[in-house]
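Next comes the sequence, and after it the predicted model I'd like to discuss.
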Amino acid sequence: MIKAVLFDMDGLMFDTERLYGRAWQNAAVLQGCKISDEAILKIKGANRALAYKILREDAGEHFDIDKGRQKREEYIVAHIKEHGLTKKKGLDNLLKFLKDNNIKVCLASSTKREVAIRYLKMADVYKYFDDFTCGDDIENGKPAPDIFLKAAKKVNTDIGESLVLEDSINGINGGLAAGARVIMVPDTIAPTDEIKGKVDDIKTNLDEVIDWIMKENTRMGS
């Protein structure tokens, strides 16, 4: 049975991945460089070391990654301050369902803890989470399984009874490597045939995850 749900954040809970991509590309333009759309897709859900490697190779040797990150952060902060956070369809419904059914909820996001907690509070969903595992809590980020293993442990749940919700290939591979059940809710990346064959299911939005959990727990409990 599903006893815990481990949530990615960017692109899964909030419509922020497109913003992050634009922010990196803007930072590159300010240095006279260019980051391709393909590179932006490759870094989605990746740990920092892998993301930086991809960005440096794509933008070229003249791209200063540290200065670029600073400009990226300024771009993101300004945009969210002006426009706020957009929640993905079904987020509130799913979180309420999990709380009402005593299913544990833990964040498993590569984002820094300070930023992640701020976003959850801004979106008024912090209250639904039992615990949090963030990028600065682990040594090996996605696609390594560490973040999901730690998240499941924090909510005292076996990883095999945990459901990972992800929108990125790196996150999906990390969840699978951990031994969790995995559902993909696509955002900017469409599922490949390979991914379709690996995950437990693919849902178009978070509302659809509710029905999947209900059916799965009914099946396992019968």
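Structure received.

May I ask which helix or strand encompasses Leu55?
helix 48-59 (DSSP states H and E).

quick one: buried residues of the helix or strand just after that helix?
Following helix 48-59 in sequence order, the next helix or strand is helix 65-83 (DSSP H and E). Within helix 65-83, the residues that count as buried by 16 or more other C-beta atoms under 10 Å are Ile65, Gly68, Arg69, Lys71, Arg72, Tyr75, Ile76, Ile80. No exception for glycine: its C-beta is placed from N, CA and C like everyone else's.

Check stretch 29-44 too.
Gln31, Cys33, Ile35, Ala39, Ile40, Lys42, Ile43, Lys44.

And stretch 4-21, by the same measure?
4-17, 19-21.

same check, this time on stretch 133-152
Within stretch 133-152, the residues that qualify as buried are 133-135, 137-138, 141-152, counting by 16+ other C-beta under 10 Å.

Residues contacting that stretch, please?
Outside of stretch 133-152, the residues within contact range by C-beta atoms under 8 Å, 6 or more residues apart in numbering are 4, 6, 45-50, 106-113, 116, 131, 154, 158-159, 162, 164, 168-171, 173-175, 177-180.

same thing but at 6 Å, please
6, 45, 47, 106, 108-113, 116, 159, 162, 164, 170-171, 173-175, 177-178, 180 (C-beta atoms under 6 Å, 6 or more residues apart in numbering).

Just the C-alphas of stretch 101-111, formatted as CSV.
Once non-C-alpha atoms are left out, stretch 101-111 reads as follows in CSV (Å, rounded to 0.1, in the frame of the first residue of the first chain):
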residue,chain,number,x,y,z
ASN,A,101,-6.3,9.6,4.7
ASN,A,102,-3.3,9.7,7.0
ILE,A,103,-0.8,9.2,4.2
LYS,A,104,2.6,10.8,5.0
VAL,A,105,3.8,13.7,2.8
CYS,A,106,7.5,14.7,2.4
LEU,A,107,9.2,17.1,0.1
ALA,A,108,12.0,15.7,-2.0
SER,A,109,13.3,18.7,-4.0
SER,A,110,16.7,19.6,-5.3
THR,A,111,15.9,23.2,-4.4
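
and it, how far out from the chain's middle?
Its chain's average C-alpha position is 11 Å from that of stretch 101-111, according to C-alpha atoms, centre = their mean, to the nearest Å.

May I see the buried residues of it?
Across stretch 101-111, burial judged by 16+ other C-beta under 10 Å covers Ile103, Lys104, Val105, Cys106, Leu107, Ala108, Ser109, Ser110, Thr111.

contacting residues around the residue nearest to Glu17 when sequence neighbours are not counted?
Closest residue to Glu17 apart from its sequence neighbours, by C-beta to C-beta, 6 or more residues apart in numbering: Gly11 at 3.7 Å. Residues near Gly11 by C-beta under 6 Å, 6+ apart: Glu17, Asp167, Asp187.
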